[in-house]
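> give me the fold of what follows.
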Amino acid sequence: MTVGFSGEVAEYYAKYRRGYPPPVIEALREAFALDADDVVLDLGCGTGQLALPLASRVRSVIGMDPEPDMLRLAGETAAGQGVRNVTWVLGADRDVPAVGALVGQKSLAMTVIGQALHWMRHEELFRALVPLFRAGGGTAVVANGAPLWLQDCAWSRALRACLEDHFGTRLEATCGTSAPDRRRYAEALRAAGFTEVRETVIDYSAELSFDELIGGVYSAIPADELPKPDDRLAFAERIRRSLPPGPYLESVQVCVLVGRVT
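Residues are numbered from 1 along each chain as shown. Got it, this is the predicted structure:
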């Protein structure tokens, strides 16, 4: 997993990155029959967008991320919400075997990976995870909608053009949200030994203010490429001028891909 979402980027991530609507959390609970005795690993947990809502449905959650600032903010949010059954651990996909040594074999009910698998060596990861699950447990890969600049609407196309001009590069990476990405992950789950591999799709719409939109953009820019504080106002104003008037309606398709072990 690549580390680069530190400092102010992590702050923007905590404040502006999309959360997950309740039907997504319920789909995860149902997929693995989660209950109050279960332990869940949220791999690439970021600032806790999945770990925190899952915590009320299980005994404990391990939130693992390679970025210390993400974990710090996740811990602050958990404390503010009174959530005490999440353990925040510094680590990445390569550290999964160490998790197995810590919690024991066949001890996890679920590993959930939300919009982070594109940073990982997913084939190796899936194989490493298999021995860690209890019967009926497994892995869930959650794609939380296309990036803001890759949506099929006028404001998103305008945003993409402005960002491509600013950074001098094509913005084509789907961050694991495209149909080919999900098919590739499904095939890798089967190859690793997971069964009952299936996908649940949850659609919803949301309106974004300009501040929410630009905050979402900042949350996705690696720290070394984020516009400097003195340049940020001009950067935001350039984007504002390139867009139609807000608010900005986005149609979000959340895809929950799961594979179970027997």
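
> stretch 40-54: end-to-end distance?
8 Å (Cα to Cα, to the nearest Å).

> and it, how far from the chain's centre?
Relative to the centre of its chain, stretch 40-54 is centred 8 Å away, using Cα atoms, centre = their mean, to the nearest Å.

> and stretch 151-170, which residues are buried?
Neighbour-count burial for stretch 151-170, counted by 16 or more other Cβ atoms under 10 Å, picks out Q151, W155, S156, A158, L159, R160, C162, L163. C-betas here are computed from N, CA, C, even on glycine.

> swap that for stretch 254-262, please
Counting neighbours by 16+ other Cβ under 10 Å, one finds that the buried residues in stretch 254-262 are V254, C255, V256, L257, V258, G259, R260, V261.

> from the buried residues of stretch 151-170, which land in helices?
W155, S156, A158, L159, R160, C162, L163 (DSSP state H).

> the third one against P244, yeah?
Yes - using Cβ atoms under 8 Å, A158 is in contact with P244, at 7.0 Å.

> and G259, that's in a strand?
Yes - assigned with DSSP: H, G, I helix; E, B strand; the rest coil, G259 falls within a strand.

> contacting residues for it?
If a contact means Cβ atoms under 8 Å, 6 or more residues apart in numbering, then G259 has F126, G138, T139, A186, L189, R190, A192, F194, T195, E196, V197 as its contacts.

> excluding chain neighbours, give the residue nearest to it in space.
Nearest residue to G259, sequence neighbours excluded (Cβ to Cβ, 6 or more residues apart in numbering): F194, at 3.0 Å.

> of the buried residues of stretch 254-262, which pair is most distant in space?
Greatest spacing in the buried residues of stretch 254-262, by Cβ to Cβ: V254 and V261 (23.5 Å).

> related to what we said a few turns ago, of the contacts of G259, which is the most crowded?
Counting neighbours by other Cβ atoms under 10 Å, the top entry in the contacts of G259 is T139, with 31 neighbours.

> now the nearest residue in space to P68 that is not next to it in sequence: phi and psi?
Excluding its sequence neighbours, the residue lying closest to P68 (Cβ to Cβ, 6+ apart) is L90, at 6.2 Å. For L90, the backbone dihedrals are phi -80, psi 120 (criterion: degrees, to the nearest 10).

> show me the shaky parts of the chain.
Counting by pLDDT under 70, the chain contains low-confidence ranges at 1-3.

> ok, D181 touching T174?
Yes - the criterion here is Cβ under 8 Å, and D181 meets it with T174 at 6.0 Å.

> more neighbours, those two?
D181 (20 against 15).

> export only the CA atoms of the one helix or strand Y204 maps to, formatted as CSV.
Following DSSP states H and E, one finds Y204 within strand 195-208. The C-alpha trace of strand 195-208 is given here as CSV (Å, rounded to 0.1, in the frame of the first residue of the first chain):
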residue,chain,number,x,y,z
THR,A,195,-16.6,-19.3,-2.4
GLU,A,196,-20.0,-17.7,-2.9
VAL,A,197,-18.4,-14.7,-4.5
ARG,A,198,-21.1,-12.2,-5.2
GLU,A,199,-21.7,-8.5,-5.5
THR,A,200,-24.4,-6.3,-4.0
VAL,A,201,-25.0,-2.8,-5.5
ILE,A,202,-26.5,0.1,-3.5
ASP,A,203,-27.3,3.3,-5.3
TYR,A,204,-27.9,6.7,-3.7
SER,A,205,-27.7,10.4,-4.6
ALA,A,206,-26.2,13.3,-2.7
GLU,A,207,-25.9,17.0,-3.2
LEU,A,208,-22.5,18.6,-2.7
